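**Student:** Quick one, what's the 3D model for this:
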Amino acid sequence: MPTGSTPRDGANQRPLTGWLDRVALRRQPAAAAGETPRRREPRRVAVVTDSAAALPEAWVRDAQARGAFSVVPMPVMIDGDIFGEGVDELQDQLHRALASGRPVQTSRPSPGQFTRLYGELAAAGFAGVVSFHISASLSGTTDAARLAASSAAIPVEVVDLRTVGMAQGFGVQAALAVAEAGGTMEAVADAGRIAETCSVYFYVPSLEQLRRGGRIGAAASWFGTVLSIKPILGIRDGLVVPVERVRSVPRAVGRLEELAMAAMDDAGAPPRWAVHHFGNQELAQELSIRLGLRTNASGGGQLTSLPAVLAAHTGLGALGVVTVGSSGPDSSSTPGP
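**Tutor:** Numbers count the residues shown, from 1 in each chain. All right, here's what the predicted structure looks like:
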């Protein structure tokens with residue numbers, strides 16, 4: 001995704017932190033006369049990510065309300081207007097733009113967004129931050145976060161997870177579980193690296209959107225093939241790579257199912273998966289149900305719409321499946337501390 005034109009800070013974007021962060025910034029009551037002020041104990045480690053993690057909306061709301069988690073929205077430009085993930089009607093506007101062939105662009109968040117967020121977390125009393133982000137080979141987000149981290153008031157470790165979507169999201173969920181349990185920055189960062197074990201496969205009706213965004217990678221040789229070819233792609237070493245070509249949507253969906261089952265069989269761990277969709281939720285639900293029936297683990301799946309920053313590159317009708325490759329903290333419904 002292009003990173004050359006960074007939108008102005010805060011343009012059309014909602015606040016980056018939840019209401020608990022704002023409450024924490026309020027001044028503490030003054031000590032009574034003669035009373036020794038109590039030293040404020042630092043809070044634990046906070047976890048930050050970007051909207052490319054494709055986390056389920058309900059999970060994000062719950063995690064943000066507990067206070068130690070924040071998502072930085074990644075900008076999407078439609079007809080010259082800049083939007084951030086979570087802005088009302090962005091998904092509908094993106095759907096219409098893609099359907100009509102209007103230009104859609106994406107960018108990295110600005111370093112200023114990260115600077116503000118890290119500063120707010122420091123003011124809220126956190127002892128440190130671990131910031132997990134989309135593959136640096138696909139976006140300049142990690143560079144922006146590192147630039148902000150270099151001048152932050154508290155230690156900030158920026159982790160390039162070398163992946164995207166719920167592979168990134170599974171890493172974030174695992175990391176937050178450790179952070180909320182009182183883990184150190186090192187332990188939180190290590191937990192997030194479960195993302196490296198994840199398999200990512202996705203079907204796109206056309207390679208055109210990926211080509212426009214410059215993210216077609218090794219699949220470029222497939223561009224221009226007959227329209228009946230349906231590409232299945234994957235993420236390896238942080239890049240989009242070609243996996244297979246099939247000749248119909250049902251066969252593409254069937255191959256996604258088989259690839260996901262093979263990945264979970266190889267993992268030797270309780271099955272966990274996520275199915276992504278954009279413009280085809282019913283098809284995604286069916287795929288997730290079949291995975292649950294075949295693994296006898298219906299509670300192991302998460303269903304989530306692709307965030308706008310990813311859908312802008314995959315196009316309408318994209319369908320993806322992510323599987324966790326080794327055991328780790330099952331944080332899909334992490335309780336509060």
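
**Student:** Would you map the helices across this protein?
**Tutor:** 19-24, 57-66, 90-100, 111-123, 141-149, 166-180, 185-192, 208-212, 249-267, 281-295, 308-314 (DSSP state H).

**Student:** Kindly state the domain boundaries assigned to the protein.
**Tutor:** 19-25+42-74+109-194, 198-323 (automatic domain parsing).

**Student:** Can you lay out the helices of the chain as CSV showing distance to residue 132 and mean pLDDT?
**Tutor:** C-beta: built from backbone N, CA, C; applies to glycine. Formatted as CSV, the helices of the chain follow (distance: least, C-beta to C-beta, whole Å; pLDDT from 0 to 100):
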stretch, distance to residue 132, mean pLDDT
helix 19-24, 18, 30
helix 57-66, 13, 96
helix 90-100, 23, 83
helix 111-123, 12, 98
helix 141-149, 9, 98
helix 166-180, 5, 98
helix 185-192, 5, 98
helix 208-212, 24, 57
helix 249-267, 21, 93
helix 281-295, 24, 95
helix 308-314, 15, 86
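
**Student:** nearest to residue 230, of those?
**Tutor:** With C-beta to C-beta as the measure, helix 249-267 is the member of those nearest residue 230 (4.5 Å).

**Student:** packing partners for that closest one?
**Tutor:** Helix 249-267 sits against strand 199-203, strand 230-236, strand 239-246, helix 281-295, strand 319-323, with contacts defined as 3 or more C-beta pairs under 8 Å, 6 or more residues apart in numbering; DSSP states H and E.

**Student:** May I see the buried residues of that helix?
**Tutor:** Neighbour counts using 16 or more other C-beta atoms under 10 Å place 252, 253, 255, 256, 257, 259, 260, 261, 263, 264, 267 of helix 249-267 among the buried residues.

**Student:** and if you look at stretch 149-157?
**Tutor:** Residues 149, 152, 154, 156, 157 are the ones in stretch 149-157 that count as buried (16+ other C-beta under 10 Å).

**Student:** The residues you listed in strands, which ones?
**Tutor:** 156, 157 (DSSP state E).

**Student:** nearest to residue 102, of the buried residues of stretch 149-157?
**Tutor:** Distances from residue 102 to the buried residues of stretch 149-157, taken by C-beta to C-beta, are shortest for residue 149, at 35.9 Å.

**Student:** Which residue comes closest to the closest one once chain neighbours are left out?
**Tutor:** Nearest non-adjacent residue to residue 149, counting by C-beta to C-beta, 6 or more residues apart in numbering: residue 156, 3.7 Å away.

**Student:** So what's the residue count around residue 173?
**Tutor:** 32 (other C-beta atoms under 10 Å).

**Student:** Could you report the separation of it from residue 126?
**Tutor:** Separation of residue 173 from residue 126 (C-beta to C-beta, to the nearest Å): 19 Å.

**Student:** For residue 96, which of the domains of the chain is the nearest?
**Tutor:** domain 198-323 (10.1 Å).

**Student:** count of neighbours near the closest residue to residue 266 other than its chain neighbours?
**Tutor:** Distance criterion C-beta to C-beta, 6+ apart; nearest residue to residue 266, sequence neighbours excluded, is residue 325 at 7.4 Å. By other C-beta under 10 Å, the residues close to residue 325 number 20.

**Student:** residues contacting residue 325?
**Tutor:** 197, 198, 199, 263, 266, 267, 269 (C-beta atoms under 8 Å, 6 or more residues apart in numbering).

**Student:** okay if I get these as CSV plus distance to residue 233?
**Tutor:** What follows is those, written out as CSV (distance: C-beta to C-beta, whole Å):
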residue, distance to residue 233
197, 19
198, 15
199, 12
263, 15
266, 20
267, 21
269, 25
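
**Student:** nearest to residue 69, of those?
**Tutor:** Nearest member of the contacts of residue 325 to residue 69, counting by C-beta to C-beta, is residue 198, at 19.6 Å.

**Student:** Just list the residues touching that closest one, thanks.
**Tutor:** Here residue 198 is in contact with 163, 166, 167, 170, 171, 322, 323, 324, 325 (C-beta under 8 Å, 6+ apart).

**Student:** I figured the second one hits residue 272, correct?
**Tutor:** No: under the contact definition of C-beta atoms under 8 Å, residue 166 does not touch residue 272, with a separation of 9.8 Å.

**Student:** thinking again about what came up before, identify the bridge partners of the residue nearest to residue 149.
**Tutor:** residue 129 (DSSP bridges).

**Student:** next one: residue 244
**Tutor:** Counting by DSSP bridges, the residues bridging with residue 244 are residue 232.

**Student:** which residues sit in contact with the residue most central in space within the chain?
**Tutor:** Nearest residue to the geometric centre of the chain (C-alpha atoms, centre = their mean): residue 53, 0.5 Å. Counting by C-beta under 8 Å, 6+ apart, residue 53 makes contact with 71, 132, 134, 165, 166, 168, 169, 172, 307.

**Student:** Identify, from the buried residues of helix 249-267, the entry nearest to residue 283.
**Tutor:** Closest to residue 283, out of all of the buried residues of helix 249-267 and judged by C-beta to C-beta, is residue 253, at 6.5 Å.
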